[in-house]
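Asks: just coords:
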């Protein structure tokens, strides 16, 4: 258990502690009282909350939310909606991240949900994508971002998958030429077909083959472990097999897509595995909360403390 949970349990004997803690871990996250005393130590991995995850504690101001995250030991931030924020706000977020020594995680550079786009050989689509990546590069420079999410969109039911793969690779090569000089990496996110039916990119091996074909450091994989638990499971072996092409992780438990410890995925083992592989990137907290109010927010933090308490 972490230091704050130990203090909250008081001076009970070791046997009483074991009786209370072991069932709590088995049952999922708990929401202890508000922490007291010295600020928490930083997490071992760069877990990245989103804006809005801790408003009950930090309020609606985005910079106040950043400060709360830092005070709780978080080392990174994700902001899917960054491109929709005014440039002046992007710059303020970037400055505060720098001051807090936090890493900027992904933002969404391009995601299509309804029409096949990136799987088509189309000059207009190519130019649209290049323009979008230039916009993403500008935003990344405001906040110091190194990664941006790309969701290629639906497949084309009238065209063989092999042709669609080749078209996607060609588009990504053109986009990589925009991103690479700026130090920005597109991360392709496979999404599960249960929650997002009809999308082209669904599996880690598929994304691996595409990134190998693109052959650029500016095009890698975003391995969202919630999606991959639904689609194919076998999480740690697929991490190892695709390791050279994975630049980013996101997490959420299954079922429910809530914080770790609420479902079937053993995130303590997975986080230990990433730590032992010396993963220095960001682990995005791409999930909801199992509870509401301040207690629900505190349960999220407690869950990450539990899963981050692995043996090194």
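Replies: Arrived safely, thanks for sending. Remember, predicted model here, so these are calculated numbers, not experimental data.
Asks: quick check: mean pLDDT of the lengthiest helix in the chain?
Replies: Scanning the chain for the helix with the most residues, using DSSP state H, yields helix 123-143. Taken as a whole, helix 123-143 has a mean pLDDT of 98.
Asks: for it, buried residues please.
Replies: Going by neighbour count (16 or more other C-beta atoms under 10 Å), the buried part of helix 123-143 is 125, 126, 129, 132, 133, 136, 137, 139, 140, 142, 143. All C-beta atoms are positioned from the backbone trio N, CA, C, and that covers glycine.
Asks: I'd say the second one and residue 174 touch.
Replies: Pointing back at residue 126 there. Yes - Residue 126 lies in contact with residue 174 (C-beta atoms under 8 Å); the separation is 5.8 Å.
Asks: for residue 253, helix, strand, or coil?
Replies: Here residue 253 is recorded as coil under DSSP: H, G, I helix; E, B strand; the rest coil.
Asks: burial check on the closest residue to it other than its chain neighbours, number of neighbours?
Replies: Distances taken as C-beta to C-beta, 6 or more residues apart in numbering place residue 263 nearest to residue 253, at 3.3 Å, with adjacent residues excluded. Neighbour count of residue 263, defined by other C-beta atoms under 10 Å: 20.
Asks: OK, contacts around residue 263?
Replies: Residues near residue 263 by C-beta atoms under 8 Å, 6 or more residues apart in numbering: 253, 254, 255, 256.
Asks: my read: residue 268 touches residue 305, true?
Replies: No - counting by C-beta under 8 Å, residue 268 does not reach residue 305; the two are 10.8 Å apart.
Asks: the more surrounded of those two?
Replies: It is residue 305, of residue 268 and residue 305, that has more neighbours when counted by other C-beta under 10 Å, with 22 against 17.
Asks: per-residue pLDDT, the more buried one?
Replies: For residue 305, the model assigns a pLDDT of 98.
Asks: I'd like the distance between it and residue 70.
Replies: Using C-beta to C-beta, to the nearest Å, we find residue 305 at a distance of 15 Å from residue 70.
Asks: follow-up on the earlier one: let's see if you can find the most crowded of the contacts of residue 263.
Replies: Ranking these using other C-beta under 10 Å puts residue 253 first, with 24 neighbours.
Asks: so what would you say the end-to-end distance of stretch 102-116 is?
Replies: Start and end residues of stretch 102-116 are separated by 36 Å (C-alpha to C-alpha, to the nearest Å).
Asks: report the buried residues of that stretch.
Replies: For stretch 102-116, using 16+ other C-beta under 10 Å, the buried residues are 102, 103, 104, 105, 106, 107, 108, 109, 110, 112, 116.
Asks: residues near residue 277, how many?
Replies: Around residue 277 there are 11 other residues, counting by other C-beta under 10 Å.
Asks: list the contacts of it.
Replies: Going by C-beta under 8 Å, 6+ apart, residue 277 touches residue 243.
Asks: list phi and psi for it.
Replies: phi -80, psi 0 (degrees, to the nearest 10).
Asks: can you tell me the SS state at residue 249?
Replies: Following three-state DSSP, residue 249 is assigned to strand.
Asks: which residues of this protein score low on pLDDT?
Replies: For the chain, applying pLDDT under 70 flags the ranges 1-37.
Asks: all helices of it, in order?
Replies: Under DSSP H, the chain gives helices at 3-8, 14-27, 55-58, 62-71, 87-100, 123-143, 161-179, 204-214, 225-231, 235-241, 267-276, 293-308.
Asks: how about JSON lines for those helices, with distance to residue 284 added?
Replies: Output for these, formatted as JSON lines (distance: least, C-beta to C-beta, whole Å):
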{"stretch": "helix 3-8", "distance to residue 284": "24"}
{"stretch": "helix 14-27", "distance to residue 284": "24"}
{"stretch": "helix 55-58", "distance to residue 284": "18"}
{"stretch": "helix 62-71", "distance to residue 284": "13"}
{"stretch": "helix 87-100", "distance to residue 284": "15"}
{"stretch": "helix 123-143", "distance to residue 284": "15"}
{"stretch": "helix 161-179", "distance to residue 284": "19"}
{"stretch": "helix 204-214", "distance to residue 284": "16"}
{"stretch": "helix 225-231", "distance to residue 284": "10"}
{"stretch": "helix 235-241", "distance to residue 284": "15"}
{"stretch": "helix 267-276", "distance to residue 284": "13"}
{"stretch": "helix 293-308", "distance to residue 284": "12"}
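Asks: can you tell which of those is closest to residue 193?
Replies: helix 225-231 (6.8 Å; C-beta to C-beta).
Asks: got the contact list for that closest one?
Replies: Here helix 225-231 has contacts from 189-195, 202-204, 235, 238, 249-254, 257, 264-265, 270, 286-287, using C-beta under 8 Å, 6+ apart.
Asks: can you rerun that using 6 Å?
Replies: Outside of helix 225-231, the residues within contact range by C-beta atoms under 6 Å, 6 or more residues apart in numbering are 191, 192, 194, 202, 203, 204, 235, 251, 252, 254, 257, 265.
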